[in-house]
Structure formats: structure tokens, C-alpha cells
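> turn this into a structure:
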Amino acid sequence: MSSFSSVPTANTSLSLIAGERVVISWPGRAALLDAVNRLCADDSPLCRYVGGSLIADLTLTENILLESALSRDAAPDWLGPELHALFAAAGCPDDSRWAARPATTATPTARLRTQVGRALAADPDCLLIDAREWPDAVLDPEHFTRAFQERYPWRTLAWFCDTPERADALQARLAGPNQ
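Down below sits the predicted model:
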């Protein structure tokens, strides 16, 4: 498989392999995530970050479509059914009304669907997740990663952790009991 561009950070470089699921620990997690996120600035949808604020005056669907509107691309037709299938595979209860809600009244699960949807709208090769900002109580990272891997085996998923302990715990959970 091909690797993504190497990202130099101080005296270290990081290469991500297409289709890989990785957990990365770095004392300056935010700085490393910012460096890797610079790959997202390219014209091609190489990487996308899951997270960010939602715009209160917009519905959740409008928040998802915002990136497409700003880049003047049409929102992909597959996105709605894909989000539904991804979250169902990860064990989230179905909520067909989540997308029409205003951001101000969104449940934590609906907010997370919106953040993931906004990242997937660009059809990226790599999804970046800051583990510190991920709401574990809303959706277990293990369930999300397994569902993501089943649905998108060609996409890279990178979890960024700020402590080695969090990274080790997350890596152990993602590896499963048989590995």
C-alpha cells in the first residue's frame, strides 16, 4: 500500500500507510495533530479532521454540507446513507430526525454524527481523530474503529493521544482480546 506524505515535526517524521489504523502518542499531541492536519490544506481531500465547532444557526445537515458549499462542490449523495450505516455498525441507536435539528439542540450523538459527516463529506483518504476530544461515552472508539475499518478498509484512521497511557489503553482496546 502507498503511504501518505511524511510530516516532519521537530526531529521526527510520521508516515501513515493507506488503510492502516494507528494510535499515536505525542507529548505535544495538538502540535503534531496540527502538523498532520496541514495535509488537509491540499486541494485534494487527503486527510480530514473529525471535530471542530458546529455553527449554532445552522441545522446539523447544513453544518455537514458547509465544507462542500465552501469548496463549491456538491455534497455527495452517498453521505447520508453512509453515515447511517457507519453509526449503525458502530452500535449507535437509529435517530432519523437527528439531521434536521438545529446545532443548539443536538444530542451528543447527533453532534458526533455531524462532525464525522463533515469530515467524510470530502471523501478523504485519511481521518484524523483527537482522542482527547472524542466523546467515549457517546460512541466507544473501539466500536467506531471496527465499523470504520469494515466500511472503509482503504482509508487510514489515526487516533492522536496526549499521553502514552491513553495511547496504550486505546491500542489494546483496538487490538481486541485475540491479538
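> could you count how many residues lie near T104?
10 (other Cβ atoms under 10 Å). C-beta: built from backbone N, CA, C; applies to glycine.
> just say helix, strand or coil for it.
Counting by DSSP: H, G, I helix; E, B strand; the rest coil, the backbone at T104 sits in helix.
> mind listing the residues bridging to the residue sitting nearest the centre point of the chain?
For the chain, the residue lying nearest the average C-alpha position, counting by Cα atoms, centre = their mean, turns out to be V50 (3.7 Å). Listed by DSSP bridges, the beta-bridge partners for V50 are I129.
> quick one, what contacts it?
The contact partners of V50, taken as Cβ atoms under 8 Å, 6 or more residues apart in numbering, are 115-116, 119, 127-130, 134.
> can I get the CA coordinates of the host helix or strand of A172 in CSV?
A172 belongs to helix 164-175 when elements are defined using DSSP states H and E. Listed next in CSV are the C-alpha coordinates belonging to helix 164-175 (Å, rounded to 0.1, in the frame of the first residue of the first chain):
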residue,chain,number,x,y,z
PRO,A,164,1.3,7.1,26.4
GLU,A,165,-1.1,5.6,28.9
ARG,A,166,-4.1,6.7,26.9
ALA,A,167,-2.5,5.5,23.7
ASP,A,168,-1.6,2.1,25.2
ALA,A,169,-5.1,1.7,26.6
LEU,A,170,-6.7,2.7,23.3
GLN,A,171,-4.3,0.5,21.3
ALA,A,172,-5.1,-2.5,23.5
ARG,A,173,-8.8,-2.0,23.0
LEU,A,174,-8.5,-1.6,19.3
ALA,A,175,-6.3,-4.8,19.0
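> what packs against that helix?
Identification of packing neighbours for helix 164-175 by 3 or more Cβ pairs under 8 Å, 6 or more residues apart in numbering; DSSP states H and E yields strand 21-25, helix 141-151, strand 156-161.
> quick one: R151 and A85 touch, right?
Yes - judged on Cβ atoms under 8 Å, R151 makes contact with A85 at a distance of 6.7 Å.
> the strands in this protein, which residues?
Using DSSP state E, the strands of the chain run over 7-9, 12-14, 21-25, 47-50, 126-130, 156-161.
> could you dump these to a markdown table with mean pLDDT and distance to A110?
Listed next are the strands of the chain as a markdown table, based on pLDDT from 0 to 100; distance: least, Cβ to Cβ, whole Å:
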| stretch | mean pLDDT | distance to A110 |
| --- | --- | --- |
| strand 7-9 | 47 | 32 |
| strand 12-14 | 68 | 32 |
| strand 21-25 | 87 | 25 |
| strand 47-50 | 74 | 14 |
| strand 126-130 | 88 | 18 |
| strand 156-161 | 90 | 21 |
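> rewinding a little: out of the helices and strands packed on helix 164-175, deepest packed?
Burial among the helices and strands packed on helix 164-175, expressed as mean neighbours by mean count of other Cβ atoms under 10 Å, is greatest for strand 156-161, which shows a mean of 23.
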